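A.B. asks: Need coordinates for the following:
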Amino acid sequence: MSITEEIQARVIDKLDYAFPAKPKPLNEREKADTIARIKKLLKEKNAVLVAHYYTDPEIQALAEETGGCVSDSLEMARFGANHAAETLIVAGVKFMGETAKILTPHKTVLMPTLEATCSLDIGCPIEEFSAFCDAHPDRTVVVYANTSAAVKARADWVVTSSIALDIVDHLDAEGEKILWAPDQHLGNYIQKQTGADMLMWQGACVVHDEFKTKALEDLKKVYPEAAILVHPESPAAVVELADAVGSTSQLIKASQELPNDTFIVATDRGIFYKMQQLSPHKHFIEAPTAGNGATCRSCAHCPWMAMNGLVAIADALEHGGKAHEIHVDPALGERAMQPLTRMLNFKKG
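C.D. replies: Model prediction:
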C-alpha cells in the first residue's frame with residue numbers, strides 16, 4: 001500500500017456520520033411568532049441573514065424578506081463582507097460560516113448551530129490532508145470550498161464548483177500538476193473535461209453520491225421531455241446523463257434558460273425553492289436516490305442543512321455565545337485568505 005493509500009485508509013476508518021436530529025416542526029402560530037422574533041432581532045442586532053440554496057424554503061424566504069441573500073457559499077460570504085451589518089447570521093453548514101469569518105474577521109458571524117457540518121469537511125481532516133500534501137510536494141494544492149479553514153490555509157487555491165473548471169484548466173495550461181481535494185466526483189469531472197494531471201483525495205458528498213443511474217434512466221422514461229440537471233459532485237455515470245452540469249447557481253440558470261417545462265434535478269432539493277420562484281410555470285422533480293445499494297442517508301436533502309431551523313436562528317441572534325459564534329484563529333484566517341483571494345482575483349480577471 002502506498003503512503004497515499006495509507007493516509008486515505010486512516011480517514012475512511014474514522015468516518016462516522018452521526019446524523020443530527022432535525023428541528024422540531026412548528027405549527028403555524030409558532031412559525032409566525034418565531035419569524036416575527038427573528039425580524040425584530042435582526043434590526044436590534046444590526047444583523048443580516050444569509051442562507052444557502054440548500055436550506056429549507058422558509059429560511060430562504062426569510063432571508064429575502066429581511067434584505068439578506070440566498071446564494072451559494074462564496075456569494076454568501078461576499079454578500080456579508082459588502083453589507084453594512086455588523087453581524088452575519090449564516091444559515092448553512094460550518095465551513096460557510098468559517099469562510100464568512102475569513103473574509104470579514106472584524107464582524108460577528110453567528111450560525112443557528114455549530115454542529116451543522118459537511119461530509120466533505122469531515123472526510124478531509126487537516127492532519128491527514130497535510131500528510132497527503134507533504135507526500136506530493138511537486139503538486140499545486142487545489143481545494144474545494146467545502147473544507148475547513150485549516151484545510152484552506154494549507155492550499156494554494158480554493159475553488160467553488162462554478163469556477164473550479166476554469167482554474168484547473170488555467171493551471172494545467174501553465175504546466176502545473178494538481179493535488180485535488182476533497183470531492184472525488186467533482187475532481188474526476190474536472191479531470192475529464194481538462195485532461196489535467198490530478199491526484200484525487202477520495203471524499204464525497206452524502207447527498208450527491210446517492211443519486212442512482214438506473215433509477216434516473218427509468219425516471220427519464222416516465223418524463224421523456226424532461227431535462228436532467230446534475231451537480232458535478234454526483235457520480236460520473238449520473239453526470240453523463242445530464243442535459244446541463246454545473247454549480248447550484250449554474251443549475252438555477254439552466255432551469256430558466258432551457259426550453260423544457262419539466263426538469264429532473266440531481267442536487268439537494270432545497271434548490272427547488274429558488275428554481276420554482278424564478279420559473280413558476282415549470283415542474284421540478286427530484287432525481288432518485290433509491291435503487292441497488294441505496295442507503296438514503298440523505299434522500300436528496302443534506303441532514304446538516306436541515307438543522308437550520310427558525311428557532312435556532314432566533315436563539316443565535318438573541319444569545320450568541322459558544323453554541324453559535326464562529327471563531328477562526330487570526331493567523332490561520334490570514335493564511336486561508338491567500339488562496340481565497342487568489343480565486344477571487346482570478347474571477348475578476
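A.B. asks: how does the protein divide into domains?
C.D. replies: 28-119+304-330, 132-204+334-348, 208-286 (automatic domain parsing).
A.B. asks: can you list these in TSV and add mean pLDDT, distance to Ile126 and mean neighbour count?
C.D. replies: All C-beta spots, glycine's among them, are computed from the backbone N, C-alpha and C. Formatted as TSV, the domains of the chain follow (pLDDT from 0 to 100; distance: least, C-beta to C-beta, whole Å; neighbours: other C-beta atoms under 10 Å):
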stretch	mean pLDDT	distance to Ile126	mean neighbour count
domain 28-119+304-330	96	12	20
domain 132-204+334-348	97	4	20
domain 208-286	97	21	19
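A.B. asks: Quick check: which of those domains is nearest to Glu5?
C.D. replies: In terms of C-beta to C-beta, the element of the domains of the chain nearest to Glu5 is domain 132-204+334-348, at 9.5 Å.
A.B. asks: For that closest one, measure first residue to last.
C.D. replies: The separation between the terminal residues of domain 132-204+334-348, taken as C-alpha to C-alpha, to the nearest Å, is 31 Å.
A.B. asks: before we move on, what about stretch 283-299?
C.D. replies: Stretch 283-299 end-to-end distance (C-alpha to C-alpha) = 19 Å.
A.B. asks: still on that earlier bit, quick check: which of the domains of the chain is nearest to Ile7?
C.D. replies: Short answer: domain 132-204+334-348, nearest of the domains of the chain by C-beta to C-beta, at 5.1 Å.
A.B. asks: follow-up on the earlier one: which stretch among the domains of the chain comes nearest Glu6?
C.D. replies: For the domains of the chain, the distance to Glu6 is smallest for domain 132-204+334-348, at 9.5 Å, taking C-beta to C-beta.
A.B. asks: hang on, the earlier thing: among the domains of the chain, which is nearest Pro125?
C.D. replies: Of all the domains of the chain, domain 132-204+334-348 comes closest under C-beta to C-beta, at 8.2 Å.
A.B. asks: Next, report how far that closest one is displaced from the centre of its chain.
C.D. replies: Between the centre of domain 132-204+334-348 and the centre of its chain there are 15 Å (C-alpha atoms, centre = their mean, to the nearest Å).
A.B. asks: Would you mind giving the domains of the chain as a markdown table with distance to Tyr17 added?
C.D. replies: Converted to a markdown table, these look like this (distance: least, C-beta to C-beta, whole Å):
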| stretch | distance to Tyr17 |
| --- | --- |
| domain 28-119+304-330 | 6 |
| domain 132-204+334-348 | 11 |
| domain 208-286 | 11 |
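A.B. asks: To Lys22, which of these lies closest?
C.D. replies: Closest to Lys22 of those is domain 28-119+304-330 (C-beta to C-beta; 4.9 Å).
A.B. asks: end to end, how far does the closest one reach?
C.D. replies: Using C-alpha to C-alpha, the end-to-end distance of domain 28-119+304-330 comes to 43 Å.
A.B. asks: which helix is the longest one in this structure?
C.D. replies: Assignment by DSSP state H gives helix 330-348 as the longest helix of the chain.
A.B. asks: Show me what that helix is packed against.
C.D. replies: Secondary-structure packing of helix 330-348 (3 or more C-beta pairs under 8 Å, 6 or more residues apart in numbering; DSSP states H and E): helix 94-103, helix 149-154, strand 157-159, helix 164-173.
A.B. asks: neighbouring contacts of it?
C.D. replies: Helix 330-348 is contacted from outside by 99, 101-103, 105, 143, 149-150, 152-153, 155-160, 163, 166-167, 170, 328, using C-beta atoms under 8 Å, 6 or more residues apart in numbering.
A.B. asks: Which residue is the nearest non-sequential neighbour of Pro105?
C.D. replies: Gly333 (5.6 Å; C-beta to C-beta, 6 or more residues apart in numbering).
A.B. asks: Counting neighbours, what do you get for that neighbour?
C.D. replies: Residues within reach of Gly333, counting by other C-beta atoms under 10 Å, total 19.
A.B. asks: I am finished for the moment; much appreciated.
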